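Asks: this is a predicted model, with the sequence first.
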Amino acid sequence: MPVHKGNIPCSKDLQRWSHLRDIKMPEINADVDLLIGTNVPQALEPWEVVHAANGGPYAIKTILGWTVNGPLRGDNQISDQCLQPDITVNRISVARLDELWENQLKVDFPENLQDEQPGQSREDKRFIESVSESAKLIDGHYSIGLPVRQKYLKMPNNKSVAEQRALSLKRRLNKDPSFCSDYIAFMTKMLADGYAERVPAEHLTRRDGRVWYLPHHGVYHPKKKKLRVVYDCGATFQGTSLNSQLFQGPDLTNLLVGVLTRFRKEPVALMADIEAMFHQVRVPAEDSDLLRFLWWPDGDCSQELVEYRMMVHLFGATSSPSCACFALRKCAEDNQRYFNPMAVNAVLHHFYVDDCLVSVGSEEEAVYLCQELSALCAKGGFKLTKWISNRRTVLAAIPQEERAKEVRDLDLDNDSLPVERALGVRWCVESDSFKFKIILKSHPLTRRGILSVISSIYDPLGFLAPVVLSAKKILQDLCRRRLGWDDPLPSSVVGEWMAWLEDLHDLENWEVNRCLKPVDCGRLVSAQLHHFADASEEGFGTVTYLLLHDNNGRTHSAFVMGKARVAPLKLVTIPRMELTAAVMASRMDKLWRKELQMDLEESAFWTDSTSVLKYIKNETSRFKIFIANRVSEILKTSNVSQWRYVNTSNNPADLASRGVKVQSFLKTDVWLCGPDFLQEPEYRWPDNPEILESSLFGDPEVKAVAVNTAQVEQVSPVEKLIGYFSSWFNLKRAVGWLLKFKTLLLSLVRHRKLLRENLSKLDLSTDQLEKRLQVQMEGAKAQVPKDVLSLEDMVTAELNIIRFCQKIRFPEELSCLKKGECVRRTSHLYKLNPILDGDLIRVGGRLSRAAMPLEAKHPVILAKDQHISNLILADVHQETGHGGRNHMLSHLRQKYWIPGACVAIRKVLTKCVICRKLSASSGQQKMADLPHNRITPDEPPFSRVGLDCFGPFEVKRGRTVIKRYGLIFTCLAIRAIHLEVLSSLDTDSFINGFRRFIARRGQVLEIRSDNGTNFVGAERELRQATENLNHNLINDVLLRKGVKWVFNPPAASHHGGSWERLIRSVRRVLNSVCKTQILDEESLATVFCEVEAIVNSRPITKASTDPQDLEALTPNHLLLLKSRPLLPPGLFKEEDVYSRRRWRQVQYMSDLFWKRWVKEYLPGLQERQKWNSVKRNFVSGDLVVLVDDMAPRNTWITGRIVDTVLDKNGL
């Protein structure tokens, strides 16, 4: 079948139909690979139907999800293949991996469920208010109204949906007798027990919007051959369902691991179950009509369907679990003063939904608790059944009919007690231990299959955590390799995975004592939790033990819970992972101190990471965010003194961080019992190492402390001047004046000193001496000549600047050369063989014997990254007349040598504004998409045209020679041309040419041309004449004809590329004829027509060399068949090519042209021939040079962009 992804319906398609908008369809980007036939009725059986409306599609919900059938996209979407009918493919919402992931996370992160449990939402509070107000004890059962979201709820009549589902159920009942008998038995018992009733006749006509019909179906227990009828409260009709109108309510169930561990506290165990818990909570009569369903009287499918209604909360309603748990808790709270607190506590803390698991210290307590608990639950209409205990005396005291089926007929004196499931964990009642029976179903060798196997291993307390970690590492390795969920496994992984599966069967003989206390345990004196944490490159984990001390002085450590997780794919340091494991241990302590419900001493935390212990102990360092947050969380639930060190060999959490094979796991007891030192007195436990007292200096997790220092540095005046000037000449002149000033100051200082020595020989007082000294110094200053800088001064200044820069940049090289040594091999100047000339470093090189000036043989060496190097290069650039790189380099090395000068020269050239103005390329941007007028099919030729003038051409009229011009019209769609001869370039001549074009080619919708002053015509006369056209008069003519004239922007000739290219073709043919001889007017008109025919016969699609292929498409394929401006209406098909009516034959050929135009010509326009990449946009404020093709480049005007106009792509 020609089915592809485009036929698959999606959510966007459903939005077109109002009756389908509430159906959620997953977005699956995949091809259709599977067709489900009618021989699989289970997959096609409808559960719910959304009927068609307004001629649209209908939807059916099956066991696999929603399917949509019918004209999904309507009739307005025409297929490209005329003979192919519309095909709608069913889209099935396949179950995803979310449930597997969710279940796995609940097992891996139970401490988070308690630690991060959110508070009640506003909806939860409204639920509590609703059920609290409606809860009443009636006839020994609690009655709780449905917690509806709207007080005045009005539901549509969905009876048709229930009838459709009932008919589907009827077909299955008739087909499967076993299923039919189980279904009828369940419904008969439900009616007999009063859980449902037939709707009274007076209520059948109820029309107040409080009636809703529930489809139902049967579901077998996955491990028992027991059928349960489930009501589909999520069935949608007209955008609503019962579940969508009910509050779900808060989660009132106890934590599963908490109930399971409290079940392990004492030696005598009791387990029971509430019979049909949901059905023991009644629904008020006013709400029962929202729970109507259809069924056949006495299960006889041959009779008419009858309306029934549920009188109790049912399986399938979103509010039922919370309502049932609320009723059970209310029963305990309402009767707590009449019963033993032990029984009340059991109801509040030892139930997980309808399962009761409790343990007590003696058989007498167990018998008493059994009686009290049964009586307490009976007060609320809850009947405890399926009692079982690990003590035969307790079982004997329980009435036989109330025992579990497995022990009801058991000989308590001789028969062994059975194996039961305690909240999913296998409990061998006889040995009072937990066991594991691994039943692995066949799964594909894929990543999805491995996840399914790992998720199927139910181990909520983590007894097998180190073994399962090995499988998780295999799964993570597949994720690291980026394998898809259904990709086959590599052969190396298959062997490893199969070996792990084979080893699992060895765990069936392994067992764990249910009771945390040993058999001979006396009265408890103390209890303490010990948490061990560890991490490695492969994973991290924690394990918790309960250390018990009895009055006989005996010590016992019992396994409480273990967790093992793989390391994240993103690389994390070992100290961070160790700290994460420590956080997990602190969370486990918070969890178990609440869930164990016993007096506990201060907990102990053990880790073999000294880094973690340092982080926790440190009070002064500021850590990075990751470390700081986790240390803060640890110290919220523990203190520093509780954290202790244990070496890796004694750390049982090491197994949880690395994983272990089954055989090695079975040989060690450390995982279940903990390290041996726990059995010894505390003073013999390991001590913390002395290294914990050391500093964290240098640890990458400690934030660096910023220390600010201030240092006074004397800056040379030459250095200041170098950084100040941007011209090499100005810098040399400034330094020259500085040196002259320095010389003058030194001479004045020496002269003053000499005068003071001479005056001091005279007998003068101090004041007299200073006055005479000042007078003579003034005279000396007056005699200073008014000098100017000489060439020698400039040379001296240049040498001083270079000497200073070399001293700063090459101190090591200068030191070696002064000592008479060669520079080191690691120096950048080593290959230049530098020499010392005075205090200057020059190139030694190999040209010492060359007949060249000294400065050219031994140029001065400068560093390329110094400011004076840039100044010198800029000066050389000016001297060479803005020369190029090679010219500058040759000129530079006559005096200076700059290693890496080419890079420095390139930077100078880049910064030079004049060079950029003379050599920069014009601004370009990615070519825009083709406009609508060039890709619109099915319009008459020349509906949208491009216009331009060209010429002139000399024509003979008698003995005189006159000029004529050409006017070209280009069809923007089919690339055809039309030529007209203009007698002149005045307005009247243009309008006449345009009118001739309209008369011959038909009505034009749109004309595009260049903006007056930039017509393509290159001749000066043409350009001047077109500027003088009377555009107002032309515009009036066009308005009368209904034509829109669009001008291209100025200086944007590429906007008219579609017709400029054709002008070149026309002129090439015309010039070859008209330049060799002078034609008369009739000959010129003829030549124009022939050129028009030649250009219109050119192929616009690729020509094929295969003679069987169609000839290449040309504009003449359409032009030569056109008889009038507008096409006649009608639908044309292939038979019309043989019609006797010529116009239908012509019309069919025209349609064929457009089909080929769409399929052959348009795809050829996809590629951009140039301007393929996106460039930076010009923005306001940019300095640019305006391109002027009519002027030399060095005279182009410089301007600044004021504003820009962007296209729809923002370019």
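Replies: That came through fine.
Asks: CA atoms for contacts and neighbours, from now on please.
Replies: Noted.
Asks: check what pLDDT Ile457 gets.
Replies: Ile457 is assigned a predicted lDDT (pLDDT) of 89.
Asks: so what's the closest residue to it other than its chain neighbours up against?
Replies: The shortest distance from Ile457 to any non-neighbouring residue, by Cα to Cα, 6 or more residues apart in numbering, is to Ile438 (7.4 Å). Residues in contact with Ile438 (Cα atoms under 8 Å, 6 or more residues apart in numbering) are Ile457, Leu504, His505, Leu507, Glu508.
Asks: the helices in the stretch 951-1100 of the chain, which residues?
Replies: 987-1001, 1020-1027, 1031-1041, 1057-1074, 1081-1096 (DSSP state H, counting those that start in this stretch).
Asks: mind listing what's buried in stretch 1084-1098?
Replies: Neighbour-count burial for stretch 1084-1098, with 16 or more other Cα atoms under 10 Å as criterion, is recorded at Leu1084, Ala1085, Val1087, Phe1088, Val1091, Glu1092, Ala1093, Val1095, Asn1096, Ser1097.
Asks: for those residues, which one is nearest Gly145?
Replies: The nearest member of the buried residues of stretch 1084-1098 to Gly145, counting by Cα to Cα, is Asn1096 at 83.5 Å.
Asks: quick check: the gap between Arg1001 and Asp1010.
Replies: Using Cα to Cα, to the nearest Å, Arg1001 is found at 22 Å from Asp1010.
Asks: give me the more crowded residue out of the two.
Replies: Set side by side, Arg1001 and Asp1010 show more neighbours around Asp1010, with 22 against 19, by other Cα atoms under 10 Å.
Asks: per-residue confidence at the more buried one?
Replies: In this model, Asp1010 is scored at 76, pLDDT.
Asks: tell me how far it lies from Gly946.
Replies: 9 Å.
Asks: and for Ile36?
Replies: 56 Å.
Asks: so these two - more neighbours on which side?
Replies: Per other Cα under 10 Å, whichever of Ile36 and Gly946 has more neighbours is Gly946, with 24 against 10.
Asks: for the more buried one, what are its contacts?
Replies: Taking Cα under 8 Å, 6+ apart, we find Gly946 in contact with Phe969, Thr970, Cys971, Leu972, Ile1007, Arg1008, Ser1009, Gly1056, Ser1058, Trp1059.
Asks: likewise for Asn647?
Replies: Contacts here follow Cα under 8 Å, 6+ apart; on that basis Asn647 touches Thr607, Asp608.
Asks: could you check the angle helix 987-1001 makes with the top strand by length along the chain?
Replies: Under DSSP state E, the strand in the chain containing the largest number of residues is strand 944-957. Here strand 944-957 points in a direction 120 degrees away from that of helix 987-1001 (axes from the mean of the first three to the mean of the last three Cα atoms, to 10 degrees).
Asks: would you put the C-alpha positions of strand 944-957 in PDB?
Replies: Output of strand 944-957 as PDB, limited to C-alpha atoms (Å, rounded to 0.1, in the frame of the first residue of the first chain):
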ATOM      1  CA  ARG A 944       3.200  39.400 -13.900                       C
ATOM      2  CA  VAL A 945       6.100  40.800 -15.900                       C
ATOM      3  CA  GLY A 946       9.400  42.600 -15.600                       C
ATOM      4  CA  LEU A 947      10.000  45.600 -17.800                       C
ATOM      5  CA  ASP A 948      13.100  47.300 -19.200                       C
ATOM      6  CA  CYS A 949      14.300  49.400 -22.200                       C
ATOM      7  CA  PHE A 950      17.400  48.800 -24.300                       C
ATOM      8  CA  GLY A 951      18.900  50.200 -27.400                       C
ATOM      9  CA  PRO A 952      19.300  52.500 -29.400                       C
ATOM     10  CA  PHE A 953      19.300  50.900 -32.900                       C
ATOM     11  CA  GLU A 954      19.900  52.800 -36.100                       C
ATOM     12  CA  VAL A 955      17.200  52.500 -38.800                       C
ATOM     13  CA  LYS A 956      17.100  53.800 -42.400                       C
ATOM     14  CA  ARG A 957      14.100  56.000 -43.400                       C
END
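Asks: now it: buried residues?
Replies: Neighbour-count burial for strand 944-957 [16+ other Cα under 10 Å]: Arg944, Val945, Gly946, Leu947, Asp948, Cys949, Phe950, Gly951, Pro952, Phe953, Glu954, Val955.
Asks: ok, the second one touching Gln1003?
Replies: No - with contact defined as Cα atoms under 8 Å, Val945 does not reach Gln1003; the gap is 11.0 Å.
Asks: could you list the low-pLDDT ranges of the stretch 951-1100 of the chain?
Replies: 1011-1042, 1051-1054, 1056, 1058, 1068-1069, 1071-1077 (pLDDT under 70).
Asks: what is the mean pLDDT for the lengthiest helix in the chain?
Replies: The residue-count maximum for a helix in the chain (DSSP state H) belongs to helix 728-759. Across helix 728-759, pLDDT averages out at 80.
Asks: packing partners for it?
Replies: helix 717-724, helix 766-782, helix 791-809, helix 867-879 (3 or more Cα pairs under 8 Å, 6 or more residues apart in numbering; DSSP states H and E).
Asks: go with 6 Å
Replies: helix 791-809 (3 or more Cα pairs under 6 Å, 6 or more residues apart in numbering; DSSP states H and E).
Asks: what does the helix it packs on rub up against?
Replies: Lys732, Val735, Gly736, Leu840 (Cα atoms under 6 Å, 6 or more residues apart in numbering).
Asks: ok, for Val1046, nearest residue in space, not its chain neighbours?
Replies: Per Cα to Cα, 6+ apart, closest to Val1046 is Arg1008, 4.8 Å.
Asks: so who does the one you found touch?
Replies: Arg1008 neighbours (Cα under 6 Å, 6+ apart): Gly946, Leu947, Trp1045, Val1046, Phe1047.
Asks: recalculate using a threshold of 7 Å.
Replies: Contacts for Arg1008 (Cα atoms under 7 Å, 6 or more residues apart in numbering) come out as Val945, Gly946, Leu947, Trp1045, Val1046, Phe1047.
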